[in-house]
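[1] With the input below, show me the fold.
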Amino acid sequence: MARNTITAFYDNYDSAARAVSRLEAAGIPHEEVSVVASNANDAYSRHATRSFDTDADRNDATGTAATLGTLAGGGAGLLAGLGMLAIPGLGPVVAAGWLVSTLVGAGAGAAVGGLVGALVDAGVNEEEAQVYAEGIRRGGALVTVRIEEAEMGRIIDILDDEGRVDIEERRSAWQADESDEPAPPIGAAASTTTGLTTDMMPNPLDETDPARTEVEMEDERVRRLKEQGLGRT
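    Residues are numbered from 1 along each chain as shown. Here you go, the predicted structure:
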């Protein structure tokens, strides 16, 4: 039967963890589930049992099926094997499951392309994978499930029940936020006082006209200041 990779994005690790627990309760094997979540400001370090930043852990994460069982937490459940990993461009994450073997195998210095590449290899559209990576960078979490096609319906229901985010709507919201960036602030030398000119704005009264006398220019200056309510009466 055809196998599929189902992805579900959540706003935080806690929502993703609930989804993982429900998948396990539904009989989905650990080795078919993975979770990667932002760990900015060490938000979820307390849940991690190891760090994948050491050489030993990187070596352990490649090669054998037994390793996947270790990363998944063995019989204790996927989240029991949660570990920490720092990925430049993506930031610190906590992760567990089959996707971790790819990320850790690439080394702690892997770029964000490591996650995108792993998702693409698993059958996720590259553009969508890029959005998931951005979502994790912004503080979210991603659950991935490899499943037989016949199981897709009930798995999607579980993921939706735990608050799966519509990634297309979220991407549109991010793009809208970027287009609404405020205009640059007024220059330091500019004045916010109405009717006053500044060094950043040309003053027509300062322009020299060889055909006009200094007295004429002064009279014109006074007249304009009076019109603006700023001259002496």
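[2] where does this structure dip in pLDDT?
    Residue ranges of the chain with pLDDT under 70: 1-2, 53-75, 88, 105-113, 180-233.
[3] switch the cut-off to 90
    1-4, 30-31, 50-77, 85-91, 98-123, 149, 167-168, 170-171, 175-233 (pLDDT under 90).
[4] That one: strands as residue ranges?
    Applying DSSP state E to the chain gives strands spanning 3-10, 33-38, 50-51, 83-87, 91-97, 141-148.
[5] These: which one's closest to Ser179?
    Minimum separation from Ser179 across those (Cβ to Cβ) falls at strand 3-10, 21.8 Å. The way it works is simple: take the backbone N, C-alpha and C, and place the C-beta from them, glycine included.
[6] on contacts alone, who are the packing partners of that closest one?
    Other elements packing on strand 3-10 under the criterion 3 or more Cβ pairs under 8 Å, 6 or more residues apart in numbering; DSSP states H and E are helix 13-25, helix 126-137, strand 141-148, helix 152-161.
[7] Can you say which of these is nearest to Glu168?
    Comparing those against Glu168 with Cβ to Cβ, the closest turns out to be helix 126-137 (8.2 Å).
[8] Surely Leu85 and Arg50 touch.
    No: if you go by Cβ atoms under 8 Å, Leu85 and Arg50 don't touch, sitting 9.9 Å apart.
[9] out of these two, which sits in the busier spot?
    Between Leu85 and Arg50, counting by other Cβ atoms under 10 Å, Leu85 is the more crowded of the two (26 against 17).
[10] quick revisit: most packed of the helices and strands packed on strand 3-10?
    Greatest average neighbour count among the helices and strands packed on strand 3-10 goes to strand 141-148 (a mean of 23), per mean count of other Cβ atoms under 10 Å.
[11] For that one, which outside residues touch it?
    Strand 141-148 is contacted by residues 1-13, 15-16, 19-20, 23, 28, 32-38, 97-99, 119, 122, 124, 132, 135-136, 155, 159 when judged by Cβ atoms under 8 Å, 6 or more residues apart in numbering.
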